[in-house]
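Visitor: this one's sequence-less:
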């Protein structure tokens, strides 16, 4: 336990060892009872609300019946996992999850980085700040509002998207965007960009701000063009931040989002819209199959961990910045 | 030097001009895409509902009316939902920010014996969580389902916010705390009298994050309290309207012509007009607040992102 090794103690009593450590620890505790009083209640809160639910994972290995007491459930082994991995619907759900997640990840990264770079090139600082403020706005709106806006913009008769596309002659007649499953992933990707591109660009702008300005001056004297400076100075300067964020996001590879999909889903696009979270909700809450839903949830967490650690290991090998 | 760069600048001025123009056009386009949907919704919300069915409302109402808003504010359930939204935002934010700051203070003290343990315990939950179903079961066991407190308790401390505040307090000059300690101040005094007041910028940021999160939340209402009318919130009511109109849209019946058209005298509301008015109502508080906190949250986010 990390709580027993205090960094201040130089450990002069190697022979007596642990008792002194515990005694020292207890002495520190009485000295710092104010700090303990301020933090321990919240550690208890943390255990109750975040760690006890982990015990609920046992449900995945049981034939969980809500009416029965928790300790008297019947064990089912890996039955639910077997069912999951032989279920055709589960693979469809997995495909949707991965597809939307990857589309969101790639689109999110590319657009936020591009926006940050272009914002950085703006010379009028007032204009820059106005653009930034406007671009953050959708991030603060709820997904309910965003979904409402998206579905209205895509609607058949009055949707601005159809009106624009028809008038520009790109399509001949209005499309029921949300009624065709194949369009759904793109719609989610675009909505996500609309909502978060400004917000996500903040961290990249901060990274750009840390680049040494002398590099730009030197490049300018050497006659490098704007695009060359972006390509050879700005982007490489952002690389550590990009790598760290990429690693963090790979840990969330099975988190394709829930709210957007759930709110924009309808019976016509459901085969492309249902992702793992909606699957868990549907099986668990709506159909009462707690065990299967929990199994799917565990699958998600385990895969996320594998991705996170692999990405971190790869970054380490490549000598890039890493998370831990 | 100065001359040299001047020459260099002149040399590529055409190049630069092209780049700047394209960039400007791009930025204007971006702003349009970000703003248009809200402005359009606003226009629909102050346009006569039956007239809106004809379409063609873009940035300006054709038949101006406040009736959609009057209708929304005239409904007791919606007013009640609004009150619950405000309550959960105020109570949830106050409690969360205070508790987060307090724990952040303890783990910012380098000498705190449990510093590493507490930090790790919190950070781990960022990647490890029980998931939807076990959490649901827990809430049932705790008898929080069907109560107002389910909006508050599960989210008292957000790990990301905790790290942001901790980083900020760690950045405060240690000498202030030292001299207070010499003057005999205890940890509580140092927290209330020094750490809290000096952390106002980051407190503002975290308050914004928490308040927006609380105000925008609809999923916990849907999951835990969907059968409790008196605990519904504005976002959840808007979500129900959205779901209804989505359902009718996919079955291709003209949504506006039927679903719940209520007329009083010659005024009529439609799901579209109500949805527009509600969208504006739930968005306005946020849109009015966030620009003023911009410099704080940009800083807070950067700090948390780099150090987290």
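Guide: Alright, I've got the coordinates. Computed from a prediction, not measured in an experiment: that's the story for all the values here. Numbering: from 1, shown residues only, chains lettered A, B, ... in the order given.
Visitor: Excluding chain neighbours, what is closest to residue A:119?
Guide: Nearest residue to residue A:119, sequence neighbours excluded (C-beta to C-beta, 6 or more residues apart in numbering or on different chains): residue A:128, at 5.9 Å. No exception for glycine: its C-beta is placed from N, CA and C like everyone else's.
Visitor: what about the one you found, distance to residue A:190?
Guide: Distance, residue A:128 to residue A:190, by C-beta to C-beta, to the nearest Å: 24 Å.
Visitor: Could you list the contact residues of the stretch 201-324 of chain A toward chain B?
Guide: A:202-203, A:206, A:217, A:220-221, A:223, A:225-227, A:251, A:258-259, A:263-264, A:266-268, A:277, A:280-281, A:284-285, A:290, A:293-294, A:297-298, A:300-301, A:304-305, A:308 (C-beta under 8 Å from any C-beta of the partner chain).
Visitor: Any stretches of the chain with poor pLDDT?
Guide: As the question left the chain open, I've gone with chain A. Residue ranges of chain A with pLDDT under 70: A:1-20, A:320-324.
Visitor: let's do chain B instead
Guide: Residues of chain B meeting the criterion pLDDT under 70: B:1-12, B:246-266, B:303-308.
Visitor: Look up the closest residue to the residue most central in space within it, ignoring the ones flanking it.
Guide: In chain B, the centroid-proximal residue (C-alpha atoms, centre = their mean) is residue B:212; its distance is 2.3 Å. Sequence neighbours aside, residue A:140 is the residue nearest to residue B:212 in space, at 5.3 Å (criterion: C-beta to C-beta, 6+ apart).
Visitor: wait, isn't the one you found in contact with residue B:213?
Guide: No. The pair residue A:140 and residue B:213 fails to qualify as a contact (C-beta atoms under 8 Å) at a distance of 10.0 Å.
Visitor: Would you mind telling me which of those two has more residues around it?
Guide: Using other C-beta atoms under 10 Å in any protein chain shown, the more surrounded residue of residue A:140 and residue B:213 is residue A:140, with 24 against 18.
Visitor: Among the residues of the stretch 201-324 of chain A next to chain B, which lie within strands?
Guide: If you go by DSSP state E, those have nothing in strands.
Visitor: tell me the contacts of residue 38?
Guide: In the absence of a named chain, chain A is used. The contact partners of residue A:38, by C-beta atoms under 8 Å, 6 or more residues apart in numbering or on different chains, come to B:102-103, B:105-106, B:187-188, B:191.
Visitor: I was after chain B.
Guide: Contacts for residue B:38 (C-beta under 8 Å, 6+ apart) come out as A:137, A:149, B:283, B:287.
Visitor: give me every residue that touches the residue nearest to the spatial centre of chain A.
Guide: What sits nearest the mean C-alpha location of chain A, by C-alpha atoms, centre = their mean, is residue A:252, with 4.7 Å. Counting by C-beta under 8 Å, 6+ apart, residue A:252 makes contact with A:101, A:304.
Visitor: I'd like to know how far it sits from residue A:84.
Guide: For residue A:252, the distance to residue A:84 equals 21 Å [C-beta to C-beta].
Visitor: ok, so what distance separates residue B:221 from residue A:49?
Guide: Look at residue B:221 and residue A:49: by C-beta to C-beta, they are 18 Å apart.
Visitor: Now residue 46. Nearest residue, chain neighbours left out?
Guide: Since no chain was named, I'll use chain A. Nearest to residue A:46 is residue B:121, by C-beta to C-beta, 6+ apart, at 5.9 Å.
Visitor: Not quite, go with chain B.
Guide: Spatial nearest neighbour of residue B:46, excluding adjacent residues (C-beta to C-beta, 6+ apart): residue B:61 at 4.8 Å.
Visitor: so that neighbour sits right up against residue B:43, yeah?
Guide: Yes. Using C-beta under 8 Å, residue B:61 is in contact with residue B:43, at 5.2 Å.
Visitor: Got phi/psi on residue A:75?
Guide: Residue A:75 adopts backbone torsions of phi -80, psi 150, taken as degrees, to the nearest 10.
Visitor: how about the nearest residue to it, chain neighbours excluded?
Guide: Excluding the flanking residues, the one nearest residue A:75 by C-beta to C-beta, 6+ apart is residue A:62, at 5.6 Å.
Visitor: and what of residue A:199?
Guide: residue A:139 (3.9 Å).
Visitor: so how far is residue A:201 from that neighbour?
Guide: 10 Å.
Visitor: Tell me the one of the contacts of residue B:38 nearest residue A:163?
Guide: Of all the contacts of residue B:38, residue A:149 has the smallest distance to residue A:163: 15.2 Å, by C-beta to C-beta.
Visitor: neighbours of residue 31, just the number please.
Guide: Going with chain A. With neighbours defined by other C-beta under 10 Å, the count for residue A:31 comes to 12.
Visitor: oops, I was thinking of chain B
Guide: 16.
Visitor: Who are the contact partners of it?
Guide: So residue B:31 contacts A:130-131, A:134-135 (C-beta under 8 Å, 6+ apart).
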